[in-house]
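Undergrad: next one to model:
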Amino acid sequence: MTERRHKRAPVPAGTILRRAAGAAFRRRGFAEGEVIARWPAIVGEQLAALTVPEKIVQRRGDAGGAVLHVRVAGAAAVELQHQAPMLIERINTFYGYHAVDRLQLVQGPLPARPAGDKPAPAPLSPAAATALDETVSATRSEGLRLALRRLGAGVMGRRRDSGQDAT
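TA: The predicted model follows:
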């Protein structure tokens, strides 16, 4: 019996994972995990940072679309409520048919997301900081001047990290 097991070809991990995850997705009403995996592409990065699809519920006796339950962080529910028709259209476009009829918003904490891999920009040298201050000093608006300074410091710091000239 052990001989036969060793003669088989290795099974790709993706096949096993898809089978195991498929049962969990089906319990939540998702035929496949693509909606969850591609949520940022479907709704956009800004809404994806504030929302998570929880489950799809097909209403009994209703031939129309299903109800998508979406967990929303805090006060973003009001914004999402106003954008619901556009969001439903995007989801249905992803599915390719009228899959979702309405959204059910559930307010609550979102699961922790992994930290980004972006390194912090390198600090500017005093000469580079002075040059940047001189460049943005002509801007009248204080808020805009500060925003331009932060942007410039970030760009110049990334150039320094990548080995390019900071000017």
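
Undergrad: what about this protein, any weak spots by pLDDT?
TA: Applying pLDDT under 70 to the chain flags the ranges 1-8, 14-33, 61-64, 113-121, 159-167.

Undergrad: can you pull out the strands in it?
TA: Under the criterion DSSP state E, the chain carries strands at the ranges 51-57, 66-72, 100-107.

Undergrad: distance to residue 87 and mean neighbour count for these - can I get that in CSV?
TA: Heads up, the C-betas are built off the backbone N, CA and C, glycines and all. Formatted as CSV, the strands of the chain follow (distance: least, Cβ to Cβ, whole Å; neighbours: other Cβ atoms under 10 Å):
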stretch, distance to residue 87, mean neighbour count
strand 51-57, 9, 19
strand 66-72, 8, 20
strand 100-107, 7, 16
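
Undergrad: got TSV for those strands, with distance to residue 137 too?
TA: Shown next, in TSV, are the strands of the chain (distance: least, Cβ to Cβ, whole Å):
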stretch	distance to residue 137
strand 51-57	41
strand 66-72	42
strand 100-107	45
